[in-house]
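>>> what follows is a protein structure lacking sequence information:
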């Protein structure tokens, strides 16, 4: 939800400001404070996010029983894939917000702090709705993950003025074990987009490091080539274990092993390809949150090493 929300915010800002800002090339960051860009950006964030929360409450939380505000401990669910997802989402929301504020001419320091914290704020306010839901509850581990995502953005911008260690995402469609197709559909949905967002079994989250940015300026190491370390999991058909209830009947699929997966692969930093088209540079920066498919070395807990010739 938060990922879709930010995309809507950015698209709305672009469509609104493109008609208003005719003095400069629209996609070129403003050197000085541009009140039209700053206030339109802030207004768009406020209106769309408020509306999204109202819609989310109407069409999701309203269907479930309410309770007094409370916390619950979900830190051990889903082999922590959901927590890594929180870090990643807060990271790219913060990064895009930093770039949007820089584009508006707000100034480097304010853009870093306000933009970087945006990811954590966008993610963490949803915890309020969770906290009033009897089915769930606010999660301290989610809040910590959100904060870590923002911290990564801010720390790298303050230290290096750029993102040398990127967070990225990839997804591989899954063939679920026999008899678990219905369970997977109930948990993760059936549409392509829905399963990409929800199915932890197919997701991989990456730290994509740019070695050239840590080397001397005269290095011959390609500036666009990254080394990526990934984390994923498989065999997950329940929060804590593969046991669940259906119509009062207990379904036990503990025969399906829940395994953690670690990857080592290559990647491409698309922002290193500078063109004379500001729009194209902006587009490359947006899609740079997706890892490029490449060969990968994988380690499965309890299984061992294997090689994937082409992994996404």
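Thanks, I have the structure now. These numbers come from a predicted model, not from an experiment.
>>> which of the helices or strands spans the residue positioned nearest the centre of the chain?
The residue lying closest to the centre of the chain (CA atoms, centre = their mean) is residue 89, at 2.6 Å. Assessed by DSSP states H and E, residue 89 sits inside helix 81-104.
>>> domain ranges for this protein?
What automatic domain parsing lists as the domains of the chain is 1-163, 165-312.
>>> distance of residue 106 from residue 177?
Distance, residue 106 to residue 177, by CB to CB, to the nearest Å: 51 Å. No exception for glycine: its C-beta is placed from N, CA and C like everyone else's.
>>> who has more neighbours, the two?
Taking neighbours as other CB atoms under 10 Å, residue 106 and residue 177 compare with residue 106 leading, 22 against 17.
>>> just say helix, strand or coil for the more buried one.
At residue 106 the chain is in coil, as set by DSSP: H, G, I helix; E, B strand; the rest coil.
>>> go on, residue 155?
helix.
>>> give me the number of residues near it?
Residue 155 has 13 neighbouring residues, counting by other CB under 10 Å.
>>> thought residue 119 was touching residue 147?
No - look at residue 119 against residue 147 with CB atoms under 8 Å: they stay out of range, at 9.4 Å.
>>> find residues that contact each of these two.
residue 90 (CB atoms under 8 Å, 6 or more residues apart in numbering).
>>> nearest residue to residue 295 in space, please, no chain neighbours.
Spatial nearest neighbour of residue 295, chain neighbours left out: residue 309 (5.6 Å); criterion: CB to CB, 6 or more residues apart in numbering.
>>> that older thread, didn't the residue nearest to the centre of the chain look like it was pressed against residue 124?
No - Residue 89 lies out of contact with residue 124 (CB under 8 Å); the separation is 11.1 Å.
>>> list the contacts for residue 169?
Per CB under 8 Å, 6+ apart, neighbours of residue 169: 88, 203, 204, 205, 206, 289, 290, 291.
>>> need the contact partners of stretch 127-145.
Stretch 127-145 is contacted by residues 53, 56-57, 61, 64-75, 82-84, 86-87, 90, 123-124 when judged by CB under 8 Å, 6+ apart.
>>> now do the same for the residue nearest to the centre of the chain: its pLDDT.
Looking at residue 89, its pLDDT stands at 94.
>>> please apply the same query to residue 21.
42.
>>> in the protein, which spans are strands?
If DSSP state E is used as the criterion, the strands of the chain fall at 165-171, 203-209, 225-234, 243-246, 249-252, 259-268, 294-300, 304-311.
>>> can I get these in JSON lines with mean pLDDT and distance to residue 188?
Compiled in JSON lines, those are given as follows (pLDDT from 0 to 100; distance: least, CB to CB, whole Å):
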{"stretch": "strand 165-171", "mean pLDDT": "98", "distance to residue 188": "11"}
{"stretch": "strand 203-209", "mean pLDDT": "98", "distance to residue 188": "10"}
{"stretch": "strand 225-234", "mean pLDDT": "98", "distance to residue 188": "13"}
{"stretch": "strand 243-246", "mean pLDDT": "93", "distance to residue 188": "14"}
{"stretch": "strand 249-252", "mean pLDDT": "95", "distance to residue 188": "16"}
{"stretch": "strand 259-268", "mean pLDDT": "97", "distance to residue 188": "17"}
{"stretch": "strand 294-300", "mean pLDDT": "96", "distance to residue 188": "21"}
{"stretch": "strand 304-311", "mean pLDDT": "92", "distance to residue 188": "20"}
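>>> please produce JSON lines containing those, extended by distance to residue 139.
Formatted as JSON lines, the strands of the chain follow (distance: least, CB to CB, whole Å):
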{"stretch": "strand 165-171", "distance to residue 139": "20"}
{"stretch": "strand 203-209", "distance to residue 139": "18"}
{"stretch": "strand 225-234", "distance to residue 139": "18"}
{"stretch": "strand 243-246", "distance to residue 139": "20"}
{"stretch": "strand 249-252", "distance to residue 139": "26"}
{"stretch": "strand 259-268", "distance to residue 139": "21"}
{"stretch": "strand 294-300", "distance to residue 139": "28"}
{"stretch": "strand 304-311", "distance to residue 139": "31"}
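>>> check contacts around the closest residue to residue 260 other than its chain neighbours.
Take residue 260 and drop its neighbours on the chain: the residue closest to it by CB to CB, 6+ apart is residue 301, 4.5 Å away. Residues near residue 301 by CB under 8 Å, 6+ apart: 259, 260, 261.
>>> going by distance to residue 27, which of the residues you listed wins?
residue 261 (38.0 Å; CB to CB).
>>> tell me what the residue nearest to that closest one when sequence neighbours are not counted is bridged to.
Counting by CB to CB, 6+ apart, residue 261 lies nearest to residue 232, which is 4.3 Å off, once chain neighbours are set aside. For residue 232, the beta-bridge partners under DSSP bridges are residue 204, residue 261.
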